[in-house]
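In: predicted model, plus sequence, below.
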Amino acid sequence: MVQMAITTVPVVILTWSFCRSAGAIPCADMESFEDLPTEARNPASENIDQLPTLDMLRVINEADQEVAGAVAKELPSIAAAVDGIVARLKDDGRLFYIGAGTSGRLGVLDASECPPTYSVPPELVQGIMAGGDEALRGAMEDVEDNPSAGATDLRNHELTKQDAVVGIASSGRTPYVLGALKYANDLGALTIGLTCAPNSPIARNAAISIAPLVGPEVVTGSTRMKAGTATKLVLNMLSTGAMIQLGHVYSNLMVNVQLTNEKLAARAQNIVVLVGGVEPDEAAALLYESGDVRTAIVMKRLHVSRSVAEAKLEKYRGNLRKTLEHTD
């Protein structure tokens, strides 16, 4: 026990000293760690290290079931965020996710899925991670304590007032994310705070706050669990909701899917079968001729050539439903 005390105490002192020297939130202004919702202990899991495996997993599963309900309470805020993001994207803006640790990785994951799913350029939705690509695979915990780094990363991405920025931090107080949000606010960009700590600094520094209160983690402070799940659910809604409103989905079909592998090519063929009302062989032929799901469907449904189909889609900004509804 003496050995542990000797090695542990200096780490705490170094952490607080670093906080002051790095220009992060002054220590006097930082919320007491034990008062953060993400740091509370979960009574249901206090004996989890003594449970048989199946019972241990039941505790985790029961805790996970609380997440969807917490996110549901934030739906009005999520809807406001989606509408705000769509308005920016329609005005040639971009969507940025920015975070550190698990939060940053989840933002990068969501952003990276948009191009193959919706055929949007990779610049449209971008994930920025504290510490850069190296931090995606290896933990670099100290980088989150520098607020100026968050601002610098957005500056390096040439952020403008037309863009939207989602600052992600489960604790609601990550200096890196706070610095990014303050920089975005100064530019006039739309700022959205995604956190699991209502009334936190992140929530207060964002135009729109999304703060599902998921409760204590099964392993105290391990926000990659319930908080991470809540974050993933909200990010799913933000990007999917925006892409639906932008016309990248027809019915519940991803009609902008890229034909980049066998699975996606098969999915594309099935979509043309369903919406185009054709047999698989004809769907394959249409895709071969057009190279694009929406173009193939317009060619078949409106009985036009590829060039005419492409022109019609361009007129309605790639929105398949609007293109099919307007036969002029």
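Out: Yep, it's here.
In: got the domain ranges for this protein?
Out: Under automatic domain parsing, the residue ranges defining each domain of the chain are 65-245, 262-325.
In: out of these, the one nearest residue 256 is which?
Out: Ranking the domains of the chain by proximity to residue 256 (Cβ to Cβ) places domain 65-245 first, at 4.1 Å. C-beta: built from backbone N, CA, C; applies to glycine.
In: so residue 167 lies in a helix, does it not?
Out: No. With DSSP: H, G, I helix; E, B strand; the rest coil as the criterion, residue 167 is located in strand rather than a helix.
In: so what's the residue sitting nearest the centre point of the chain up against?
Out: Per Cα atoms, centre = their mean, the C-alpha nearest to the average position across the chain is that of residue 235, at 3.5 Å. Contacts of residue 235 were listed using Cβ atoms under 8 Å, 6 or more residues apart in numbering, and they are 97, 106, 107, 110, 166, 168, 194.
In: any idea how far residue 192 is from it?
Out: For residue 235, the distance to residue 192 equals 11 Å [Cβ to Cβ, to the nearest Å].
In: for the two, list the residues in contact with both.
Out: Both residue 235 and residue 192 are contacted by residue 166, under the criterion Cβ under 8 Å, 6+ apart.
In: still on that earlier bit, just the contacts of residue 235: which are in helices?
Out: In this view, these that belong to helices under DSSP state H are 106, 107, 110.
In: burial count for the first one?
Out: The reference is to residue 106. Using other Cβ atoms under 10 Å as the criterion, residue 106 is surrounded by 25 other residues.
In: can you tell me how far it is from residue 235?
Out: For residue 106, the distance to residue 235 equals 6 Å [Cβ to Cβ].
In: again with residue 198
Out: From residue 198 over to residue 235 the distance is 18 Å, taken as Cβ to Cβ.
In: same thing with residue 297?
Out: To residue 235, residue 297 is 29 Å away according to Cβ to Cβ.
In: so residue 185 makes contact with residue 205?
Out: Yes. Here residue 185 lies in contact with residue 205, judged by Cβ atoms under 8 Å, at a distance of 6.8 Å.
In: more neighbours: which of those two?
Out: Neighbours around residue 185 and residue 205, counted as other Cβ under 10 Å, are more numerous at residue 205. The numbers are 20 against 15.
In: quickly note the distance from the residue lying closest to that one once chain neighbours are set aside to residue 154.
Out: Spatially, and ignoring its direct neighbours in sequence, residue 205 is nearest to residue 181 (4.7 Å; Cβ to Cβ, 6 or more residues apart in numbering). Computed with Cβ to Cβ, the distance linking residue 181 and residue 154 is 9 Å.
In: quickly list what's touching both of the two.
Out: With contacts taken as Cβ under 8 Å, 6+ apart, residue 181 and residue 154 have residue 165 as neighbours in common.
In: what about the two, which has more around it?
Out: A direct count of neighbours by other Cβ under 10 Å for residue 181 and residue 154 places residue 181 higher, at 28 against 22.
In: ok, now which ones touch the more buried one?
Out: 150, 165, 167, 191, 193, 202, 205, 206.
In: the helices in this protein, which residues?
Out: Along the chain, the segments classed as helices by DSSP H run 2-21, 53-72, 75-90, 101-118, 134-137, 147-156, 175-187, 201-204, 226-245, 262-276, 280-290, 293-302, 306-315, 320-325.
In: from residue 201, how far out is the residue nearest to residue 171 when sequence neighbours are not counted?
Out: Excluding its sequence neighbours, the residue lying closest to residue 171 (Cβ to Cβ, 6+ apart) is residue 38, at 5.0 Å. Distance of residue 38 to residue 201, computed by Cβ to Cβ: 13 Å.
In: overlap in contacts, the two.
Out: By Cβ under 8 Å, 6+ apart, residue 38 and residue 201 have these common neighbours: residue 172.
In: so how far is residue 164 from the residue nearest to residue 245 when sequence neighbours are not counted?
Out: With Cβ to Cβ, 6+ apart as the criterion, residue 245 has its nearest non-adjacent residue at 4.7 Å, and that residue is residue 86. Computed as Cβ to Cβ, the residue 86 to residue 164 distance reads 9 Å.
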